[in-house]
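Visitor: next come a sequence and a model predicted from it.
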Amino acid sequence: MKTIRLTMAQALVKFLDNQYVHFDGEERKFVKGVFGIFGHGNVTGIGEALENHKGELTYIQGKNEQGMVHAATAFAKQKNRLEIYACTTSIGPGALNMVTAAATATVNRIPVLLLPGDIFASRQPDPVLQQIEDPRDYTVSSNDAFKPVSKYWDCISRPEQLMTAALNAMRVLTDPVETGAVTLSMPQDVQAEAYDYPVEFFKKRVHYIERKIPSDEAVERAVQLISRKKYPVIIAGGGVHYSFAEKELAQFAEEFQIPVGETQAGKSALSWKHPFNMGGMGANGSLASNVLAKKADLVIAIGTRLTDFSTSSKWAFENPEVEFLSINVSGFDAMKMESQMLVADAKIALEKLTEELKNKSYQSDYDLNRLKDLKDEWTKEVDHYYSQTLESGLSQTRVIGEINRFIGEKDIITCAAGSMPGDLLRLWRTTEPKTYNMEYGFSCMGYEVAGALGAKMAADDDQEVYAFVGDGSYLMLHSELVTSIQEKKKITVLLLDNNGFQCIHGLQVGQGSEGFGNEFRYRSEEDNRLSGPYLDIDFAANARSMGAKGYTARTIDELKKALEMAKQETVTTLIDIKVLPGTGSGTYESWWHLGVAEVSESPKVEQAHTVMEAHKSKARKY
């Protein structure tokens with residue numbers, strides 16, 4: 001057997017550079033490059049390997065470990081999970097900074113390869129800098145924290161173990177069902193140890209991603225279920241995008257006259273103009289979708305996990321005859337809400353269902369005029385929000401409307417947390433697929449700016465990328481803004497400054513609180529609480545200090561001018577938009593289950609608990 005002598009890190013880099021995926025007749029290079037921040041736990045191992053590697057992997061210098069994983073996640077999401085970046089860090093705090101982002105990727109079923117450095121396998125210098133010591137179990141390291149948030153975890157304690165670990169990593173990363181964060185923990189001494197690897201290990205490997213074909217029996221069961229229902233609704237999730245089933249979804253809805261509600265991950269699968277697109281579904285949903293959900297006798301869930309937001313905490317569906325049909329590649333997801341399971345690729349399943357239901361001449365019993373009236377009513381409601389004028393300042397919904405009207409139909413937006421995901425699901429109008437990169441599985445504050453960088457790396461040259469971010473999320477994590485400048489990947493950051501964590505402030509006040517600890521205020525000497533004047537932060541100046549362009553908008557005219565200027569800029573630009581707190585959209589025929597205090601010194605809190613319990617009693621239990 002012919003061998004080549006390489007360090008473990010060199011062998012890993014060489015291996016990653018030869019991984020490809022094959023899907024629907026198209027072959028793609030799977031690993032495009034490596035994000036990294038070097039420290040003593042990886043700089044002389046994988047750092048050396050990347051420095052001297054002669055292949056095609058691109059190294060991207062991250063500025064925050066969590067941020068660079070968010071960027072890699074957004075890239076893979078935008079590429080429909082067919083291309084990825086790996087991420088490498090040092091040991092200890094550098095590695096642990098990736099844990100939150102690892103969970104974000106795993107929850108959203110997005111592939112990302114994490115390569116954290118680890119303590120010495122030899123244990124000779126123990127305890128080393130940044131090492132955690134557990135006197136009960138000396139095999140424990142800080143990288144064990146990745147285990148619950150990874151879909152595959154391994155520690156390569158000998159260089160020859162790489163071969164098994166790397167192949168298993170690819171198995172999981174390229175599996176539509178099992179994908180998520182994959183963590184290969186790499187002791188810093190083992191990274192630098194040499195081994196005679198078989199040359200065959202580095203051959204070009206093509207991983208075939210095959211569409212899951214449903215059984216004839218499962219299709220027939222689904223057809224029988226649909227055929228006896230009069231008022232079905234569709235919940236379109238992210239699986240519609242990942243299976244490239246946007247056209248099939250539209251045809252299915254049109255052929256059988258079935259209205260469609262969107263999840264955050266599924267949004268943009270149908271144009272907002274499509275007559276059967278009723279908007280967001282659930283806790284952050286539209287009036288049209290949620291009214292239809294209440295009457296529905298069948299819910300057809302396509303590529304969605306049926307989370308509490310898309311189901312209004314299992315409360316949205318009031319018809320006692322309602323049943324659920326779930327189309328999903330994952331049996332784990334397909335069984336939720338006691339659904340009849342159609343475990344299959346969304347595109348294939350919709351094609352087969354369309355053929356069989358046409359043979360039966362199936363049609364829903366909806367009054368099409370009623371559906372049109374609901375959609376028209378919601379369109380007018382969105383128009384109202386988009387034109388909202390307040391004497392005291394800018395409303396968040398008016399700002400979103402102005403931006404929506406300004407940007408191109410093929411431009412991409414990113415967002416993740418705060419009040420804007422709700423407003424965007426309800427109000428944002430998409431016409432082209434894959435233009436809405438929302439991370440709402442984990443709703444991780446800090447994804448927004450980094451996610452915009454990842455989306456820009458994946459976007460076509462003529463696509464602008466805009467990050468919607470609140471002041472709270474921006475303050476948590478915006479360091480990859482510098483990476484976007486360094487890599488000449490221009491993004492536009494739309495920072496809506498409403499003086500605090502106003503989403504949670506509103507949630508708190510809505511459950512009887514007077515408001516506590518969520519606004520960005522000075523401490524008051526009178527009550528020793530954060531109840532003084534608002535802080536005044538110049539976010540545009542902050543962006544300019546890092547090399548970006550920065551503008552501030554306090555009026556609609558200033559916002560319009562800033563958007564025009566930002567589009568002309570060739571470098572990353574931030575627009576600091578001062579909006580009034582509490583000026584988002586309202587809720588529509590929806591509910592979200594919270595744990596409200598059963599006893600309190602506040603009568604308003606106790607009343608909110610009573611209301612919560614009344615709603616909870618009407619929700620499904622499983």
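Guide: That came in fine, so what should we check first? Nothing here was measured: the structure is a model prediction, and the numbers come from that model. Residues are numbered from 1 along each chain as shown.
Visitor: spit out the contact partners of the nearest residue to Trp272 once chain neighbours are set aside.
Guide: Distances taken as C-beta to C-beta, 6 or more residues apart in numbering put Arg429 closest to Trp272, at 4.2 Å, once the chain neighbours are dropped. C-beta here means a position set from N, CA and C on the backbone, and glycine is covered the same way. By C-beta atoms under 8 Å, 6 or more residues apart in numbering, the residues touching Arg429 are 272, 382, 404.
Visitor: wait, doesn't Asp134 sit right on Asp144?
Guide: No - because the distance of 9.1 Å does not satisfy C-beta atoms under 8 Å, Asp134 is recorded as not touching Asp144.
Visitor: so which of the two has more stuff around it?
Guide: Asp144 (16 against 10; other C-beta atoms under 10 Å).
Visitor: now the more buried one: phi and psi?
Guide: As for Asp144, its main-chain torsions (degrees, to the nearest 10) stand at phi -60, psi -20.
Visitor: and if you look at the one 4 residues further on?
Guide: Dihedral pair for Pro148: phi -70, psi -10, per degrees, to the nearest 10.
Visitor: tell me how far it lies from Thr106.
Guide: Separation of Pro148 from Thr106 (C-beta to C-beta, to the nearest Å): 9 Å.
Visitor: ok, Gln363 next?
Guide: For Gln363, the distance to Thr106 under the criterion C-beta to C-beta works out to 41 Å.
Visitor: thinking again about what came up before, filter the contacts of Arg429 down to the ones in helices?
Guide: Of the positions in these, 382, 404 sit in helices, assigned by DSSP state H.
Visitor: give me the domain ranges for this structure.
Guide: When the chain is parsed with automatic domain parsing, its domains come out as 3-208, 216-367, 387-499+535-578.
Visitor: and those domains as TSV, adding mean pLDDT and distance to Gly506?
Guide: TSV is the format used below for the domains of the chain (pLDDT from 0 to 100; distance: least, C-beta to C-beta, whole Å):
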stretch	mean pLDDT	distance to Gly506
domain 3-208	97	24
domain 216-367	98	13
domain 387-499+535-578	97	7
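Visitor: put together a markdown table for those, with distance to Tyr588 on each row.
Guide: Supplementary listing: the domains of the chain in a markdown table, determined by distance: least, C-beta to C-beta, whole Å:
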| stretch | distance to Tyr588 |
| --- | --- |
| domain 3-208 | 25 |
| domain 216-367 | 4 |
| domain 387-499+535-578 | 8 |
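Visitor: looking at these, which is closest to Asp527?
Guide: Nearest to Asp527 among the domains of the chain is domain 387-499+535-578; the distance by C-beta to C-beta comes to 17.6 Å.
Visitor: show me what contacts Asp189?
Guide: Applying C-beta under 8 Å, 6+ apart, one finds that Asp189 lies in contact with 120-122.
Visitor: now intersect those residues with the strands, please.
Guide: Taking DSSP state E as the definition of strands, the contacts of Asp189 contribute nothing to them.
Visitor: out of these, which is nearest to Thr263?
Guide: Looking across the contacts of Asp189 and measuring by C-beta to C-beta, the closest to Thr263 is Ala121, at 43.6 Å.
Visitor: hmm, the closest one is touching Ser141, no?
Guide: No - applying C-beta under 8 Å, one finds Ala121 not in contact with Ser141, separated by 10.2 Å.
Visitor: more neighbours: which of those two?
Guide: Here Ala121 and Ser141 are compared on neighbour count by other C-beta under 10 Å; more neighbours surround Ser141, at 22 against 18.
Visitor: need the contact list for the more buried one.
Guide: With contacts taken as C-beta under 8 Å, 6+ apart, Ser141 has the following neighbours: 91, 118-119, 131-132, 155, 185.
Visitor: those residues in strands, which ones?
Guide: Mapping the contacts of Ser141 onto strands (DSSP E) picks out 118, 155, 185.
Visitor: how about those residues in a markdown table, adding neighbour count and distance to Lys561?
Guide: Putting the ones in strands among the contacts of Ser141 into a markdown table (neighbours: other C-beta atoms under 10 Å; distance: C-beta to C-beta, whole Å) gives the following:
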| residue | neighbour count | distance to Lys561 |
| --- | --- | --- |
| Asp118 | 27 | 51 |
| Cys155 | 20 | 54 |
| Ser185 | 26 | 50 |
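Visitor: redo the residues you listed as TSV? Include distance to Glu606.
Guide: As requested, the ones in strands among the contacts of Ser141 are exported to TSV (distance: C-beta to C-beta, whole Å):
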residue	distance to Glu606
Asp118	50
Cys155	50
Ser185	49
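Visitor: of these, closest to Ala296?
Guide: Distance ranking of the ones in strands among the contacts of Ser141 against Ala296, using C-beta to C-beta, places Ser185 first at 46.7 Å.
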